[in-house]
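1. what's the 3D shape of this:
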Amino acid sequence: MNYFSTRDKSLKFSFKDIFLRGLAPGGGLFLPSEIKKFNKEELNNLSKLNYKGLATEIIFNFCKEEVSKNELKSLIEKSYSGFKNKEVVNLKNIGDINLLELYNGPTLAFKDIAMQVIGNLYDHLKIAKEKTVNIVVATSGDTGSAAIAALNNRENINLFVLHPHNKISSVQRKIMTTIGSSNIYNIAVRGTFDDCQKIVKELFNDNKFRSKINMSGVNSINWARIVCQIVYYFYSYFRLKKDDISFSVPTGNFGDIYAGYIAKKMGLPINKLIVATNENDILQRVINTGEYKPKKVKSSISPSMDIQVASNFERLLFYIVGEDDQRVSLLMDLLSKEGFFKLDQSEIEKIKKDFEAVKINDEVTQTIIKNINDEFKFILDPHTATGFGAAKKIKGLENIVVLGTAHPFKFSDTIKKATGKNLEAPSHLKMDVDKKEKFDIIENSSSQVKNYILNKIK
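-> Now for the predicted structure:
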C-alpha cells in the first residue's frame, strides 16, 4: 500500500511516512493508492464482530505493511480500555432518530476514538525512539484535549496545541490546560481556528523548520484520523440492520463525514451523508452551489464547527474531479490567490450523489436542545443538535443515524440557557476544575509560534 498526494499522484509514501508527516509535500493531503471494497459475504462476516474486532479488520487494510493484525488487535484493545462503554460507542433511539454516541472516551468527544489509537501508534511505530518528535496541532475545541489525553507523558514526544483564544468553551479549554505535564504546551492564538490551522500548515510546509524540530501532526489532515473514524459507520450499519441508511454529521473540517464517504467506497451501502453546519456554512454552500469561498468566521454556540476553511474537503475534491491531481492543484491555487474557486455543474452533481448539506443557526440549535430535553428527557450538545436539525430538514430519508460528537457537559452554559439545567461532570472525565490552567497567549503569527516552539525545545 502506497500513499500519494491529492496534488501529486506520482508520490509514493508508506503508512509510517504519512503518519509522521501529516501533510504531503506541496501542501496536499495523503490518500491511499487502493481502497479495499468488501463484498456481501465479507460484510456479513464483519457484522459478527464487536467494535474492537471490527476496528482491527478495517484499520488493518491501511497499515498492513507496518503493523501485523495481532499487533493491531492488542493496540486497539489498549487504546479503548479506558472508555466508559465496553463497545466504545453506543447506538440509541431518540424518537425517530438513531443517535450514535461517540463521546465515551477520556475527553468526552469523538476525537478520542482516533486519537487514542494514534497515541499508541507513535509508540508501536517507534517514531520517537531515536529522536524527539514535536507534534503541532490546531484545535477548534476537542482535538487538542483528545491529543493531550493520548500523548500526555509520552517519552520523547512534545505536544504543542494551538487553540483560538476565547473562542472555545471554558470546559473545552480546562480539559486541555489543567493537565500540566512537562511535554504538553498549550498556545492560545489571538485569532480563529482557521488562523491556527493556517499556522500549522505553514509550519509543515517550511521544510527546514519541520526537519529541524522533527515535526509531526495529528489534525484530521493526518490520514490515520480518517481511518479510525471509518469504523463507527460500519458498526452503526451492522447494529441497525437496515439497508437504506443515512448519516447526519455535525462537521466543520469535513474529516468526520469524509470517513463516511470512504466507508461507502469500501462497500458500505450508505444512502446519503448529510453535512450539518452552523452559520459558518462553507460546506453547505459548496455542496449546494459549487462555490468554495471562505468568509469571516462567526462565533457560535457550537464552537468546534466555527471553521471556514474545511481542509479535508480537498480529499473529496480529488475524487470529484476524476482523480485529476493537476485540477486539484489548480483549484487550491485559485483558493490561495483569488480567495475562492467554483466547481462546474457536473462536479456539483457528483457531490450531490452522496451528500446533502444543511445550515442550522444558533437559535434553531437552542430550540432543538430544549425540545429534545422536553420530549425525551435527553440532552444534546449543540454540535449534535445541528445534526438532529439537519436530519429533520432533509425529506424522504429513513433510518438516519446522527453522530453524537460531544458530551453536553462540555457546553454547560449553552445547555443551562436552553434547558435551565445545571449539568454535572460525567464520572469518566478526569479533570480538576480547580487546578491552575497552563497556557500562553500568542499573537496570530507563524513566526511567533515557531519561536515559541524553538524556545521550549532547547
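2. R173 reaches K438, doesn't it?
-> No - using C-beta atoms under 8 Å, R173 is not in contact with K438; the gap is 10.9 Å. C-beta coordinates here come from the backbone N, C-alpha and C atoms, glycine included.
3. more neighbours: which of these two?
-> R173 (22 against 14; other C-beta atoms under 10 Å).
4. relative to A188, how far out is that one?
-> 8 Å (C-beta to C-beta, to the nearest Å).
5. overlap in contacts, these two.
-> 163, 439 (C-beta atoms under 8 Å, 6 or more residues apart in numbering).
6. low-confidence ranges, this protein, go.
-> Applying pLDDT under 70 to the chain flags residues 180, 431-433.
7. could you identify the longest helix within it?
-> Determined from DSSP state H, the single longest helix within the chain is helix 223-240.
8. so how far is that one off the chain centroid?
-> Offset of helix 223-240 from its chain centre (C-alpha atoms, centre = their mean, to the nearest Å): 12 Å.
9. what residues sit buried inside that helix?
-> By 16 or more other C-beta atoms under 10 Å, the buried positions in helix 223-240 come out as 223-239.
10. partner residues bridging the residue nearest to N271 when sequence neighbours are not counted?
-> Nearest non-adjacent residue to N271, counting by C-beta to C-beta, 6 or more residues apart in numbering: S246, 4.6 Å away. Following DSSP bridges, S246 is listed with bridge partners I400.
11. what number of residues lie near S246?
-> 21.
12. got it, and the one 10 residues further on?
-> A count of neighbours around D256, defined by other C-beta under 10 Å, yields 26.
13. now L334, what's its secondary structure?
-> Under DSSP: H, G, I helix; E, B strand; the rest coil, L334 falls in the helix class.
14. so how far is L335 from the nearest residue to it once chain neighbours are set aside?
-> Once flanking residues are discounted, L334 sits nearest to F341: 4.3 Å by C-beta to C-beta, 6+ apart. The gap separating F341 from L335 is 5 Å, by C-beta to C-beta.
15. mind listing what F62 touches?
-> Counting by C-beta under 8 Å, 6+ apart, F62 touches 1, 15, 32, 223, 227.
16. for the nearest residue to F439 once chain neighbours are set aside, name its beta-bridge partners.
-> Distances taken as C-beta to C-beta, 6+ apart put N186 closest to F439, at 3.6 Å, once the chain neighbours are dropped. Under DSSP bridges, the beta-bridge partners of N186 are V161.
17. I figured N186 hits H163, correct?
-> Yes - look at N186 against H163 with C-beta under 8 Å: they come within range, at 7.1 Å.
18. secondary structure class for the closest residue to N153 other than its chain neighbours?
-> In space, and not counting its chain neighbours, N153 is closest to S181: 5.2 Å by C-beta to C-beta, 6+ apart. Under three-state DSSP, S181 falls in the coil class.
19. confirm N98 sits in a strand?
-> Yes - under three-state DSSP, N98 sits within a strand.
20. spit out the residues that contact N186 and H163 alike.
-> Shared contacts of N186 and H163, counting by C-beta under 8 Å, 6+ apart, come down to 144, 176.
21. which one's more surrounded, those two?
-> A side-by-side neighbour count of N186 and H163, using other C-beta under 10 Å, places H163 first with 27 against 24.
22. and the helix or strand hosting I351, which residues are buried?
-> Using DSSP states H and E, I351 falls within helix 345-354. Buried positions in helix 345-354, judged by neighbour count with 16+ other C-beta under 10 Å: 347-348, 350-351, 354.
23. need those residues in CSV (columns: distance to E323).
-> Formatted as CSV, the buried residues of helix 345-354 follow (distance: C-beta to C-beta, whole Å):
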residue, distance to E323
E347, 13
I348, 18
K350, 12
I351, 15
D354, 16
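24. looking at those, which is nearest N153?
-> D354 (41.2 Å; C-beta to C-beta).
25. can you give me the distance of the closest one to A390?
-> Counting by C-beta to C-beta - D354 and A390 are separated by 15 Å.
26. can you confirm Q284 is in a strand?
-> No - if the criterion is three-state DSSP, then Q284 is helix and not within a strand.
27. helix or strand for the nearest residue to it once chain neighbours are set aside, which one?
-> Leaving aside its sequence neighbours, Q284 sits nearest to A357 (C-beta to C-beta, 6+ apart; 4.1 Å). In the assignment (DSSP H and E), A357 maps to strand 355-359.
28. likewise for A425?
-> Counting by DSSP H and E, A425 is part of no helix or strand.
29. my guess is it contacts F409. True?
-> Yes - taking C-beta under 8 Å as the definition, A425 is a contact partner of F409 at 5.6 Å.
30. those two: which is more packed in?
-> F409 (19 against 15).
31. what's near enough to touch the more buried one?
-> 108, 171, 415, 423-426, 429.
32. buried ones only from those residues, please, as a PyMOL command.
-> Of the contacts of F409, the buried ones go into a single PyMOL selection, burial set by 16+ other C-beta under 10 Å:
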select buried, resi 108+171+415+423+429
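33. using TSV, please lay out the contacts of F409 together with distance to I379.
-> Shown next, in TSV, are those (distance: C-beta to C-beta, whole Å):
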residue	distance to I379
L108	13
V171	14
I415	6
L423	7
E424	12
A425	14
P426	12
L429	15
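34. which two from the contacts of F409 end up farthest apart in space?
-> Farthest pair in the contacts of F409, by C-beta to C-beta: I415 and L429, 15.1 Å.
35. neighbours of K395, how many?
-> K395 - counted by other C-beta under 10 Å - has 5 other residues nearby.
36. which helix or which strand is home to it?
-> Since the elements are taken from DSSP H and E, K395 ends up inside neither a helix nor a strand.
37. for F30, same thing?
-> Using DSSP H and E, F30 falls in strand 30-32.
38. what is the helix or strand just after that strand packed up against?
-> Following strand 30-32 in sequence order, the next helix or strand is helix 40-46 (DSSP H and E). Applying 3 or more C-beta pairs under 8 Å, 6 or more residues apart in numbering; DSSP states H and E, we find helix 40-46 packed against helix 51-63.
39. tell me the buried residues in the helix it packs on?
-> Buried residues in helix 51-63, counted by 16+ other C-beta under 10 Å: 51-52, 54-63.
40. how far does the helix or strand following that helix sit from the chain's center?
-> Next along the chain after helix 51-63, taking DSSP H and E as the criterion, comes helix 69-79. Chain-centre distance of helix 69-79: 21 Å, with C-alpha atoms, centre = their mean.
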